[in-house]
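Visitor: Have a look at this prediction, sequence included:
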Amino acid sequence: MNEIQLFLSHAIQLEREAAERYQELHAAMTEAGHGEASAFFGTMAVFAHKHLDEAVAMGGSHALPELDPNAFRWFGGVSPEAPDLESLSSMVDLQTALLMALQGEHRSHVFYRQVSELSQDPEVRRVAGEFAAEEAEHVAALQQWLARTPVKA
């Protein structure tokens, strides 16, 4: 990915999906009575919206392409932040929710890191590297939550 416009279009889509996922996890944990986890997922949704706003602001000085869903160039062909959420409304298991979020954050970290390593554009490398560092922080926060969450029997 060697054009900042194309990269930012991907980052906007990825962060939009992350924000939606965290809002859904927040609602599911609220419904399940997991108040502390609900608040955590709500905070993660705020972070995702912040990253989305950052990507949109960076794109303000660039003409960003409107990409058809099939035109995105995701490594592996699927957006890192688009896990299967079909059964989320009935899911009340905290550990499963945390694992879903961790998988999305890990895939996002890998996506941004790979872009930062493979791009030939210095601006893309720099911005993708910054986004990768932010995603690494999210991975660490989720790992901490998982470490203190009892394993479901």
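Guide: Sure thing, it's come through.

Visitor: what about the nearest residue to Glu3 once chain neighbours are set aside, neighbour count?
Guide: In space, and not counting its chain neighbours, Glu3 is closest to Asp121: 6.6 Å by C-beta to C-beta, 6 or more residues apart in numbering. C-beta: built from backbone N, CA, C; applies to glycine. Burial measure for Asp121: 16 neighbouring residues, criterion other C-beta atoms under 10 Å.

Visitor: Spit out the contact partners of Asp121.
Guide: 1-4, 7 (C-beta atoms under 8 Å, 6 or more residues apart in numbering).

Visitor: Angles on the backbone of it, please.
Guide: Main-chain torsions, Asp121, degrees, to the nearest 10: phi -90, psi 120.

Visitor: helix, strand or coil for Asn2?
Guide: coil (DSSP: H, G, I helix; E, B strand; the rest coil).

Visitor: Val124 is in contact with that one, correct?
Guide: Yes - Asn2 lies in contact with Val124 (C-beta atoms under 8 Å); the separation is 6.5 Å.
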